[in-house]
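J.: show me how the following folds:
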Amino acid sequence: VQLQASGGGVVQPGGSLRLSCKDSGYIVSRVGWFRQTTGKEREFVAAMSWRGDRLKYADAVKGRFRISRDNRDNTVYLQMNSLKPEDTAVYYCAAGRWGPVSDKTSDFDYWGQGTLITVSS
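T.: Numbers count the residues shown, from 1 in each chain. Predicted structure coming up:
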C-alpha cells in the first residue's frame, strides 16, 4: 500500500484547508490522520473504518475536522476548519490492514510522507 498525502500549506487562524491522501487501492480495514510537531510524539487526529461507518476524532479537533473517503478514486480527505495555531504540524495519513477503527499509531501499517500545515497570521 502506498500513500501520497497533499494539501498542506500556510493558513491564517480561523481558516480552512483540506488534506488529501491517495492510496494505491489495496483493501485496508481503517484509515487515519496523525500529526507531529518537532520534539513531540506523533499524535492521533482522526480515523475511519474502510466502510466509513466508524469514525473517531481526537478531542482537540472534534467539531472542527472531518475525515472522509471517496472510494471511487481511493482518496481519504481531512477537512480542517477553524484552524488554530496549535494545529500547526506535519500531518500524516495512515492505513491499517486489520481490525476496527483505532487511534493508536501501532495499529497502522502504512504511512504517507507527511505534509506540513502552518497556521499563522
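J.: leaving out sequence neighbours, find the closest residue to the residue nearest the centre of the chain.
T.: The chain has Trp33 as the residue nearest its centroid, 2.2 Å off, counting by CA atoms, centre = their mean. Counting by CB to CB, 6 or more residues apart in numbering, Val45 is the residue found nearest to Trp33 once chain neighbours are left out, at 4.3 Å. Every residue, glycine included, has its C-beta placed from N, CA and C.
J.: next one: that neighbour from Val61, what distance?
T.: 6 Å (CB to CB, to the nearest Å).
J.: cool, Trp33 as well?
T.: Taking CB to CB, one finds Trp33 at 9 Å from Val61.
J.: and if you look at Phe34?
T.: Taking CB to CB, one finds Phe34 at 11 Å from Val61.
J.: what do you get for Phe108?
T.: 17 Å.
J.: got a pLDDT number for the residue lying closest to Arg42 once chain neighbours are set aside?
T.: Excluding its sequence neighbours, the residue lying closest to Arg42 (CB to CB, 6+ apart) is Gln36, at 4.3 Å. Looking at Gln36, its pLDDT is 97.
J.: where along this structure do the strands fall?
T.: 3-6, 9-11, 17-23, 30-36, 43-49, 55-57, 65-70, 75-80, 89-96, 110-111, 115-119 (DSSP state E).
J.: orientation of the third one relative to strand 115-119 in degrees?
T.: Translated: strand 17-23. 170 degrees (axes from the mean of the first three to the mean of the last three CA atoms, to 10 degrees).
J.: helices or strands next to strand 17-23 in the packing?
T.: Using 3 or more CB pairs under 8 Å, 6 or more residues apart in numbering; DSSP states H and E as the contact criterion, the elements in contact with strand 17-23 are strand 3-6, strand 30-36, strand 75-80, strand 89-96, strand 115-119.
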